[in-house]
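Q: okay, structure incoming, though there's no sequence with it:
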C-alpha cells in the first residue's frame, strides 16, 4: 500500500464504516477529525444557505440540495454538513480572501461555502448557449467534490506529503486534487440522471475548462480566478469525470498513486 493509498482507505472508512488501520497493521491514525464532527446546532445535515433571486439561482440551489443529499447518505447519520452556496457578481468577500473576488466559482474551505460568480455563468451561457446550465451543474458538483476532500481528511493527507514532493511532482499533485473532484462530480451525476445526463455534464466541463483557460491571461495574478478548471488537460479531466459517471463509486476516484514521493 502506497502513501496515497491511505487516502482511499480513509474515504472508504468514512463511507462504509470500517477501520482503515486494520489494513495497515496499526500505526498512526489518519487525521479525519473534521469528518467526525457533528453538524452545527440549528442546521440539519445536507441543508444549505442559498438566497434564490432568479431562475438561475433556483437551479443552482436545486443542484446543491441534490449533491448534499447524495453525499449525506454516504456518511453516518448526522455526520455530514454540506457546504452553503453564495452568489456574487465580481465583487464580494469570502473566508478565503480579504480582497474583492474576481471572476469564477470556487470552494472556500475556511467557511465551507461555494462562491458562484454569476458573471462566469452568464459568460458560459452567452458563448455556449444551452450548455450554460450543465456548466453550472458541473462547477457546483466539482466544488462539492472539494468539500468532500476536506471533510474526509484527504486534503490533510495531500498537504502532509506536499513538502516531500520534488517540484516536478507538485503540479501533478494539484491536478490530482482537481481530477478527483471531477470524479466525485461524476459519482453524484451517475445517481441523478433524471437531473443531468452524463453527456451534458461532460459538455459543462468542456465549457468551464474553455472559459477558465481564456480567463487566466486576462486577470491580474493578485485576483482569484477559476484556475482549477484549467488545471490538467481537458482529456484528463474528462477521463476522471467519466470514471465517476461509469463507476458511481467514490472508491474509484483515486488519482494519487501516480504521484511519486521522495524516498
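A: Arrived safely, thanks for sending. These numbers were taken from a predicted model, which means no experiment stands behind them. Numbering: from 1, shown residues only.

Q: tell me where the model's unsure across the stretch 101-250 of the chain.
A: Counting by pLDDT under 70, the stretch 101-250 of the chain has low-confidence residues at 101-103, 215-230.

Q: what's near enough to touch the closest residue to residue 192 other than its chain neighbours?
A: Among residues not flanking residue 192 along the chain, residue 66 sits closest, at 5.7 Å (Cβ to Cβ, 6 or more residues apart in numbering). In this view, the C-beta of every residue, glycine as well, is placed from N, C-alpha and C. Applying Cβ atoms under 8 Å, 6 or more residues apart in numbering, one finds that residue 66 lies in contact with 188, 192, 195.

Q: can I get those in CSV including neighbour count and secondary structure?
A: Output for the contacts of residue 66, formatted as CSV (neighbours: other Cβ atoms under 10 Å; DSSP: H, G, I helix; E, B strand; the rest coil):
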residue, neighbour count, secondary structure
188, 29, helix
192, 17, coil
195, 15, coil
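
Q: which one of those residues sits closest to residue 60?
A: Using Cβ to Cβ, residue 195 comes nearest to residue 60 of the contacts of residue 66, at 12.4 Å.

Q: and of the contacts of residue 66, the nearest to residue 143?
A: residue 188 (11.4 Å).

Q: for residue 112, give me its contacts.
A: Neighbours of residue 112 in contact, by Cβ under 8 Å, 6+ apart: 81, 83-84, 147, 150.

Q: wait, residue 86 sits on residue 114?
A: Yes - in terms of Cβ atoms under 8 Å, residue 86 counts as a neighbour of residue 114; the distance is 6.9 Å.

Q: so these two - more neighbours on which side?
A: residue 114 (27 against 20; other Cβ atoms under 10 Å).

Q: after the helix or strand hosting the more buried one, which helix or strand is next?
A: If you go by DSSP states H and E, residue 114 is part of strand 113-117. Moving toward the C-terminus from strand 113-117, the next helix or strand (DSSP H and E) is helix 118-128.

Q: any idea how far residue 148 is from residue 75?
A: Distance of residue 148 to residue 75, computed by Cβ to Cβ, to the nearest Å: 10 Å.

Q: would you state the strands of the stretch 1-150 of the chain in chain order?
A: Along the stretch 1-150 of the chain, counting by DSSP state E, counting those that start in this stretch, strands occupy 84-88, 106-108, 113-117.

Q: as a markdown table, those strands with distance to residue 234 would be great.
A: Compiled in a markdown table, the strands of the stretch 1-150 of the chain are given as follows (distance: least, Cβ to Cβ, whole Å):
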| stretch | distance to residue 234 |
| --- | --- |
| strand 84-88 | 26 |
| strand 106-108 | 19 |
| strand 113-117 | 21 |
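
Q: identify whichever of the ones you listed lies nearest to residue 239.
A: So among those, strand 106-108 is nearest, using Cβ to Cβ, at 21.9 Å.
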